[in-house]
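Engineer: requesting a structural model of the entry that follows:
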Amino acid sequence: MAREDSVGRRLDPREALAGCRTLVMVSMGYAAEPGGFAGQSAGKHGDPRRSRVARYAVGRDYHLEFEERLAGLVALIRDRWPSADVKPYVDYGPVLERAHAQRAGLGWVGKNTMLIHPELGSWTLLGEVLTTVKIAPDAPFEADRCGTCIRCIEACPTGAIVGPRELDARRCIAYLTIELRGSIPEPLRPGIGNRVFGCDICQEVCPWNEGTRGGGQPSRPAPWGGPIPPDTMASWAEELLDLSDDQFLSRYGETPLARPGREGMLRNLCVGLGNSGDRAAVPVVMRCFDEDSPVVREHAAWALARLAAARGSDDL
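Structural biologist: Coordinates of the predicted model:
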């Protein structure tokens with residue numbers, strides 16, 4: 001993100017499409033069972049043995065769904081302006097999506113750095129169409145409706161939201177479990193809990209998400225479908241241990257879970273199992289020591305130490 005070309009594209013969309021004059025901003029809502037696949041909170045009344053996955057990641061990769069929908073919008077623009085250059089964009093590079101969405105009137109950027117719509121909340125994904133056509137802009141969303149609320153800042157278990165609209169990505173559970181390659185810093189592992197892919201905490205506590213379509217709905221898969229993994233971390237780890245890398249991609253290749261890969265998901269599951277306090281998880285964690293990956297083995301050792309400490313004994 002700090003590369004000169006990345007900074008240039010963030011500041012000027014013409015770096016992404018020469019001659020760009022308009023960004024058509026699009027938001028797509030998503031609804032999945034609160035708490036990931038299992039539909040249970042990891043909090044006071046939840047089951048810490050069950051895996052927690054960010055809601056957007058339940059099912060098929062949203063990029064694929066968004067691309068299909070944007071293709072229709074691109075076709076409409078090209079039909080009306082045949083000579084125009086048009087380019088759909090879905091996380092293809094460092095375009096300032098939230099800032100552009102705010103300027104397009106789709107909401108304001110909350111203290112958790114998420115775009116918030118007053119009726120839809122923050123359970124939306126953003127995409128855009130860049131075009132050389134000049135289209136009259138919509139009015140920006142200028143109000144800041146977060147007020148004095150700091151629930152998101154207080155709720156973040158790793159302290160990633162260091163201030164209003166200021167995120168330290170190096171501490172963010174979403175970054176640690178999805179984008180980070182290699183070892184997760186030990187001091188941050190306990191705060192991850194059983195969130196094995198992404199994190200929705202700062203959205204779950206947001207008052208603007210209470211009663212929105214993205215929250216509190218009956219159990220159902222994401223609107224774009226896809227494979228549903230086992231809901232307990234132990235059973236999911238067992239499944240992944242029985243898969244090769246190629247088999248993992250065959251099963252999860254069209255889902256967001258492909259991003260960290262099999263190694264990354266096993267790493268995350270080891271952290272979650274270590275945090276679970278579940279003595280019955282010891283055999284599957286032991287199996288992780290047979291992995292070739294030193295990253296998986298290291299996190300498995302940490303998990304065993306955590307499970308031993310939870311029981312009050314070093315004898316596993």
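
Engineer: the helices in the protein, which residues?
Structural biologist: Here the chain has its helices, by DSSP state H, at 4-11, 62-80, 97-103, 151-155, 173-174, 189-192, 201-204, 233-241, 245-252, 261-276, 282-287, 294-311.

Engineer: tell me the most buried of those?
Structural biologist: Compared across the helices of the chain, helix 261-276 shows the largest average neighbour count, a mean of 26 (mean count of other Cβ atoms under 10 Å). For the C-beta atoms, the positions are set from N, CA and C on the backbone; glycine is no exception.

Engineer: re earlier: okay if I get the helices of the chain as CSV plus mean pLDDT?
Structural biologist: Shown next, in CSV, are the helices of the chain (pLDDT from 0 to 100):
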stretch, mean pLDDT
helix 4-11, 62
helix 62-80, 93
helix 97-103, 95
helix 151-155, 98
helix 173-174, 98
helix 189-192, 98
helix 201-204, 96
helix 233-241, 97
helix 245-252, 96
helix 261-276, 98
helix 282-287, 97
helix 294-311, 94
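
Engineer: need those in JSON lines with distance to residue 89, can you?
Structural biologist: Formatted as JSON lines, the helices of the chain follow (distance: least, Cβ to Cβ, whole Å):
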{"stretch": "helix 4-11", "distance to residue 89": "10"}
{"stretch": "helix 62-80", "distance to residue 89": "8"}
{"stretch": "helix 97-103", "distance to residue 89": "8"}
{"stretch": "helix 151-155", "distance to residue 89": "27"}
{"stretch": "helix 173-174", "distance to residue 89": "20"}
{"stretch": "helix 189-192", "distance to residue 89": "31"}
{"stretch": "helix 201-204", "distance to residue 89": "23"}
{"stretch": "helix 233-241", "distance to residue 89": "32"}
{"stretch": "helix 245-252", "distance to residue 89": "25"}
{"stretch": "helix 261-276", "distance to residue 89": "25"}
{"stretch": "helix 282-287", "distance to residue 89": "41"}
{"stretch": "helix 294-311", "distance to residue 89": "32"}
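
Engineer: what's the closest of those to residue 135?
Structural biologist: For residue 135, the closest of the helices of the chain is helix 62-80, at 8.9 Å, according to Cβ to Cβ.

Engineer: if we compare the helices of the chain, which one ends up closest to residue 111?
Structural biologist: Once the helices of the chain are compared by Cβ to Cβ, helix 151-155 is nearest, at 5.7 Å.

Engineer: just checking, what packs against that closest one?
Structural biologist: strand 161-163, helix 201-204 (3 or more Cβ pairs under 8 Å, 6 or more residues apart in numbering; DSSP states H and E).

Engineer: nearest approach to residue 181 belongs to which of the helices of the chain?
Structural biologist: Using Cβ to Cβ, the helices of the chain put helix 261-276 closest to residue 181, at 7.4 Å.

Engineer: and the closest one, C-alpha only, in PDB?
Structural biologist: Taking C-alpha atoms only, helix 261-276 is exported to PDB below (Å, rounded to 0.1, in the frame of the first residue of the first chain):
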ATOM      1  CA  GLY A 261      -4.700 -20.800   1.800                       C
ATOM      2  CA  ARG A 262      -4.700 -24.200   3.600                       C
ATOM      3  CA  GLU A 263      -1.600 -23.200   5.600                       C
ATOM      4  CA  GLY A 264      -3.100 -20.000   6.700                       C
ATOM      5  CA  MET A 265      -6.400 -21.500   7.700                       C
ATOM      6  CA  LEU A 266      -4.700 -24.300   9.700                       C
ATOM      7  CA  ARG A 267      -2.600 -21.600  11.400                       C
ATOM      8  CA  ASN A 268      -5.800 -19.700  12.300                       C
ATOM      9  CA  LEU A 269      -7.500 -22.800  13.500                       C
ATOM     10  CA  CYS A 270      -4.600 -23.700  15.800                       C
ATOM     11  CA  VAL A 271      -4.900 -20.200  17.400                       C
ATOM     12  CA  GLY A 272      -8.700 -20.700  17.800                       C
ATOM     13  CA  LEU A 273      -8.300 -24.100  19.300                       C
ATOM     14  CA  GLY A 274      -5.700 -22.800  21.700                       C
ATOM     15  CA  ASN A 275      -8.100 -20.200  22.800                       C
ATOM     16  CA  SER A 276     -11.000 -22.600  23.100                       C
END
